[in-house]
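In: coordinates only, sequence not included:
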């Protein structure tokens with residue numbers, strides 16, 4: 001029987017497929033993505049440490065997603081998503097609109113996308129991406 005940690009990893013990987021991504025803080029792959037600001041889509045996970053992305057320019061390649069972070073999730077949540085009763089613990093925006101980033105390492109710590117992508121919290125902490 002799979003452990004709870006294994007179930008969480010499998011669920012995260014399944015939910016990550018189809019996510020839109022951009023370059024992350026550890027990017028070292030030149031213009032493989034088409035250049036700064038270009039967007040790709042997660043096709044599948046090879047393992048919990050490696051993901052396959054298809055870039056909008058047609059290139060498909062494997063990237064690191066554990067220990068080193070080649071990618072960031074693009075906040076492409078519908079405009080109307082609002083997280084009532086939740087405040088960004090960095091900029092104090094309330095409510096949070098779009099994706100809510102909940103730290104899996106810290107107790108009751110949430111970020112808006114601007115603060116999450118602005119590296120306003122330790123980069124090595126895992127986050128839950130909440131879109132509803």
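Out: All right, it came through fine. This is a predicted model, so every value here is computed, not measured.
In: nearest residue to the residue most central in space within the chain other than its sequence neighbours?
Out: Computing the C-alpha centroid of the chain and ranking residues by C-alpha atoms, centre = their mean puts residue 73 first, at 3.6 Å. In space, and not counting its chain neighbours, residue 73 is closest to residue 19: 5.3 Å by C-beta to C-beta, 6 or more residues apart in numbering. C-betas here are computed from N, CA, C, even on glycine.
In: do you know how far that neighbour is from residue 27?
Out: Counting by C-beta to C-beta, to the nearest Å, the gap between residue 19 and residue 27 amounts to 17 Å.
In: Pretty sure the residue nearest to residue 73 sits against residue 39.
Out: No - the pair residue 19 / residue 39 is not scored as a contact, 10.6 Å apart, by C-beta atoms under 8 Å.
In: Any regions of this protein where pLDDT drops low?
Out: Within the chain, the ranges that satisfy pLDDT under 70 run 1-15, 76-80.
In: How is it divided into domains?
Out: Following automatic domain parsing, one finds the domains of the chain at 4-73, 82-130.
In: Over to residue 115. Which of the three states is it?
Out: Following DSSP: H, G, I helix; E, B strand; the rest coil, the label given to residue 115 is helix.
In: Relative to residue 131, how far out is it?
Out: Separation of residue 115 from residue 131 (C-beta to C-beta): 17 Å.
In: wait, what's in contact with the residue nearest to residue 93 when sequence neighbours are not counted?
Out: Take residue 93 and drop its neighbours on the chain: the residue closest to it by C-beta to C-beta, 6+ apart is residue 112, 5.2 Å away. For residue 112, the contact set (C-beta atoms under 8 Å, 6 or more residues apart in numbering) comprises 88, 90, 91, 93, 96, 97, 98, 100, 101.
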